[in-house]
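# pasted the sequence and its predicted model underneath.
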Amino acid sequence: MGENRKIILVERPRYRMPTHNCFKLERGPIPEPGEEEFLVRTLWLGLDPYLHGRMKRVSPQAEPVAIGDVMVGATVGRVEQSNHPAYEPGELVVGFWGWQDYAISNGSRILKLKTQLEQEHPSYALGALSRLTGLVAYISIMEISKPRAGETVVIGAATGGLGQIAGQLAKLQGTRAVGIAGSQKKCDFAVDELGYDACVCYKDDDFADQLKNACPEGVDVYVQTIGGDDLDAVMPLLNLYARMPVLGVIAMWSAADLPTGPDRTMLFLNQVMTKRLRVEGVVGNDYFQSHFGVFQREMATWIRNGDIKIVEHVVPDLEDAPMALQGMFQSADEHLGKLVVHVGD
C-alpha cells in the first residue's frame, strides 16, 4: 500500500533565519489520480534561498505558503500511474509539487526531462540545468555581463549552486574570477575545486581590504546575490562601465528591518551614474522561452567536456529537509554546491 509523507508548514519563521520548528511531518495514503491526471513519485527536491521568503507572511517572490499546506519547492519525480494521454509511467518530470513523496498532477507546470544528461543525473534538473539556477547564472554571465578576457568578475555566494556555475562560466571567458564566501573552507573549495583565481571570506574583519587586494585591476562584473557588506566592499572597486546582474539579495531576505545607519541610496545611484554602471535584475522565467533550449544544450556540453564541474550536497531523506534548509542559512561549511534532497529511488 505504501504511504505519502508530507512536510507541512505549521508556523511562520520566528527568527531572522528559518528554523526546522516551522515544519511538521504528516503521513497519509498515497493519492489516486483521476481522469487526465497522473501520480508522480518524488525522487529529488531542491532547496534554495527563496524558500525563506515563501515561508513569511508576505513574500516578495510569490504567494506565501499557507499555514497547514505542503511546503513548496522544485522537484524531480517519476510518473508512477497515469490517466493522462501525454504522460507514461516511468517518465521523469520536473515540477513544483513540493515537500512530499507523492503528488497528483494534470500536467500544469510540469516538464519532461529530455536531455540525456538529465536522464543520467535527474537532480541536475533542479540545479545546473534548471531555470532557477543554471539558466540564471548563464544569462547573468553570457547575456548581461558578457565579460571579456582579462576582466575581473566577482561572484557572491561563490560556492552555492548558482555561484559555482557563474564562476566557472566566467573562467571559460578568460576572466579573473574572484569569489566571496562565508568561510575559509568554502574559499579553499572555490579555488581548489571550482577554479576561482581567488576567494575571500566576508566574515573576516579585513574583508574589504582582502577583496581589494584580490582585484588589483578593479571589478568589471559583480554578480550580486547577497547585498549588505558585500555590496559596500565591491562598490568602490567597480570600474567604468561595470556590469552588475542582480540575482538575489539574501541579506535583505533575512533582515527583520531596514539596514541601520545612513541612507546610502543616493551614494549608490551616484556610482551608477558616474561609473555608467549597468545594474539589471535577473529572473529565470523571463528567459525561459527565448534561451532555455540553447542554455541546456550548451551547459550539457560544458559539463560532459569537463569544462564545468557540478558539485551537489545531497541530503539523504525527505525528513531531513527542514534541518537542511536551516543549515543553508547558517552558512554551514558542509553545504558546498547545490543543495538537494534525495527523496526516493
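Right, received. Where do you want to start?

# those helices in this structure, which residues are they?
Ranges of helices in the chain, per DSSP state H, are 50-55, 116-120, 134-138, 161-172, 184-192, 207-214, 229-234, 250-253, 265-274, 288-305, 321-329.

# buried ones in stretch 29-48?
Along stretch 29-48, these residues count as buried under the neighbour rule (16 or more other CB atoms under 10 Å): 30, 33, 37-48. The way it works is simple: take the backbone N, C-alpha and C, and place the C-beta from them, glycine included.

# I'd like the average pLDDT over that stretch.
With pLDDT averaged residue by residue, stretch 29-48 scores 96.

# quick revisit: to residue 79, which of the helices of the chain lies closest?
Between residue 79 and the helices of the chain, the tightest spacing by CB to CB is seen for helix 116-120, at 13.8 Å.

# who are the packing partners of that closest one?
Packing partners of helix 116-120 (3 or more CB pairs under 8 Å, 6 or more residues apart in numbering; DSSP states H and E): helix 288-305.

# between the helix it packs on and helix 161-172, how many degrees?
Going by axes from the mean of the first three to the mean of the last three CA atoms, to 10 degrees, helix 288-305 is angled at 70 degrees with respect to helix 161-172.

# least confident of the helices of the chain, on average?
When the mean pLDDT of each of the helices of the chain is compared, helix 250-253 ends up at the bottom with a mean of 56.

# how does this structure divide into domains?
Under the assignment named as automatic domain parsing, the residue ranges that make up the domains of the chain are 4-128+310-342, 136-284.

# can you put those domains in a markdown table and add distance to residue 302?
Compiled in a markdown table, the domains of the chain are given as follows (distance: least, CB to CB, whole Å):
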| stretch | distance to residue 302 |
| --- | --- |
| domain 4-128+310-342 | 9 |
| domain 136-284 | 7 |
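
# which one of those lies closest to residue 293?
Distance to residue 293, taken as CB to CB, is lowest for domain 4-128+310-342 among these, at 9.5 Å.

# contact partners of stretch 197-211?
Residues from elsewhere that reach stretch 197-211 (CB atoms under 8 Å, 6 or more residues apart in numbering): 154, 158, 176-184, 186-188, 190-191, 214, 226, 229-230, 232-234, 237.

# using ChimeraX, define a selection of the buried residues within those.
One line in ChimeraX is enough to select the buried ones among the contacts of stretch 197-211; burial here means 16+ other CB under 10 Å:
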select :154,158,176,177,178,179,180,181,182,183,186,187,190,191,214,226,230,233,234,237
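
# and the strands in the stretch 51-200 of the chain?
Assigned by DSSP state E, counting those that start in this stretch, the stretch 51-200 of the chain shows strands spanning 75-82, 92-95, 102-105, 111-112, 152-155, 176-181, 198-201.

# below-threshold pLDDT in the stretch 51-200 of the chain: ranges please.
59-61 (pLDDT under 70).

# what's the most distant pair in the buried residues of stretch 29-48?
Using CB to CB, the two most remote members of these are 33 and 48, lying 28.0 Å apart.

# ok, back up a step: in JSON lines, list the buried residues of stretch 29-48 along with distance to residue 243.
Rendered in JSON lines, the data for those read as follows (distance: CB to CB, whole Å):
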{"residue": "30", "distance to residue 243": "49"}
{"residue": "33", "distance to residue 243": "47"}
{"residue": "37", "distance to residue 243": "45"}
{"residue": "38", "distance to residue 243": "43"}
{"residue": "39", "distance to residue 243": "46"}
{"residue": "40", "distance to residue 243": "40"}
{"residue": "41", "distance to residue 243": "42"}
{"residue": "42", "distance to residue 243": "38"}
{"residue": "43", "distance to residue 243": "37"}
{"residue": "44", "distance to residue 243": "33"}
{"residue": "45", "distance to residue 243": "33"}
{"residue": "46", "distance to residue 243": "27"}
{"residue": "47", "distance to residue 243": "29"}
{"residue": "48", "distance to residue 243": "24"}
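
# return the subset of those lying in strands.
Using DSSP state E, 38-46 are the members of those that sit in strands.

# hang on, the earlier thing: can you put the helices of the chain in CSV and add distance to residue 221?
Conversion of the helices of the chain to CSV gives the following (distance: least, CB to CB, whole Å):
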stretch, distance to residue 221
helix 50-55, 23
helix 116-120, 27
helix 134-138, 12
helix 161-172, 7
helix 184-192, 16
helix 207-214, 14
helix 229-234, 10
helix 250-253, 19
helix 265-274, 15
helix 288-305, 19
helix 321-329, 25
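
# look up how far residue 88 lies from residue 127.
Distance of residue 127 to residue 88, given as CB to CB, to the nearest Å: 26 Å.

# typed the wrong thing, it's residue 51
As defined by CB to CB, residue 51 lies at a distance of 31 Å from residue 88.

# more neighbours, the two?
When residue 51 is set against residue 88 and neighbours are counted by other CB atoms under 10 Å, the residue ahead is residue 51, at 23 against 11.

# in this structure the more buried one contacts residue 72, no?
Yes: shown here, residue 51 and residue 72 form a contact pair, counting by CB atoms under 8 Å, at 7.1 Å.
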